[in-house]
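**Student:** Quick one, what's the 3D model for this:
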Amino acid sequence: MRVKICGITQAEQGQAIANLGATALGFICVERSPRYIKSQQIQEIIQVLPTTIDRIGVFANASLTDIEAVLKIAQLTGIQLHGDETPQFCAQIKQLWPHLEIIKAFRIKTAESLLDIPQYREVIDTLLLDAYHPQQLGGTGKTLNWDILATFEPDRPWFLAGGLNPNNIVQALDNLTPDGIDLSSGVERSPGDKDINKVTQLFQHLNRIE
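**Tutor:** Predicted structure coming up:
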């Protein structure tokens, strides 16, 4: 199972998290986010990471020009779209950067929230389901209603996100079988400052499940 830790801002923490077993790190390229990190800082972190780890830039309602500016500096392996991007926009991303993994995030409020997903199937590689929050796009610490996903069987790999932490990860994976999990605030001391002890606990729990 893929384990993505999002909101990385410090090279030392990114390196430690990769060594603990994360398969992907996420870098927030949304300026209004408290976890925002500049392109040059992303690249500095990437340079100390194992080459096997996925490096995902997280964008929300960004323009193609904005995304391209980040990609020119930071050697990302994937783009996560965490805003209100249309299937048409995702198709443009896929056409421009076919070598990158395209992850589309959906904020799940009710079962009806899942109805938008099928129209994206041809233009993305991976789904990410996050909790709905009226003001914040992600990293809220809020858990989504797992019951909504009880019969969710997409034809794309998917990440479960939204309020996951070392204390509830076993319960989450007892209820659902995602292809990956995505954590941010659940393994932090403060936004962008990861708690390595919490990350260690996370992997201890995951190893017991396996």
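**Student:** in the protein, which spans are helices?
**Tutor:** 11-20, 39-46, 64-73, 87-96, 169-175, 196-209 (DSSP state H).
**Student:** and of those, who's closest to residue 183?
**Tutor:** Minimum separation from residue 183 across the helices of the chain (C-beta to C-beta) falls at helix 196-209, 6.9 Å. From N, CA and C alone the C-beta is placed, and that goes for glycine too.
**Student:** Report the angle between that closest one and helix 11-20.
**Tutor:** 10 degrees (axes from the mean of the first three to the mean of the last three C-alpha atoms, to 10 degrees).
**Student:** Residue 93 and residue 104: what is the separation?
**Tutor:** Distance from residue 93 to residue 104, counting by C-beta to C-beta, to the nearest Å: 10 Å.
**Student:** more neighbours, these two?
**Tutor:** Shown here are residue 93 and residue 104; by other C-beta atoms under 10 Å, residue 104 has more neighbours (26 against 21).
**Student:** Can you give me the pLDDT of that one?
**Tutor:** With respect to pLDDT, residue 104 scores 98.
**Student:** Beta-bridge partners for it, please?
**Tutor:** residue 81, residue 127 (DSSP bridges).
**Student:** where in this structure is pLDDT low?
**Tutor:** 132-142, 210 (pLDDT under 70).
**Student:** Spit out the contact partners of the residue nearest to residue 182 when sequence neighbours are not counted.
**Tutor:** Closest residue to residue 182 apart from its sequence neighbours, by C-beta to C-beta, 6 or more residues apart in numbering: residue 161 at 3.9 Å. Contacts for residue 161 (C-beta atoms under 8 Å, 6 or more residues apart in numbering) come out as 6, 105, 128-131, 138, 181-184.
**Student:** let's see it at 6 Å
**Tutor:** 128, 130, 182 (C-beta atoms under 6 Å, 6 or more residues apart in numbering).
**Student:** Which single one of those is nearest to residue 99?
**Tutor:** For the contacts of residue 161, the nearest to residue 99 is residue 128 (19.8 Å; C-beta to C-beta).
**Student:** From residue 190, how far off is residue 83?
**Tutor:** For residue 83 relative to residue 190 (C-beta to C-beta), the value is 24 Å.
**Student:** what does residue 10 give?
**Tutor:** Residue 10 is 12 Å from residue 190, by C-beta to C-beta.
**Student:** just residue 125 next, same as before
**Tutor:** 32 Å.
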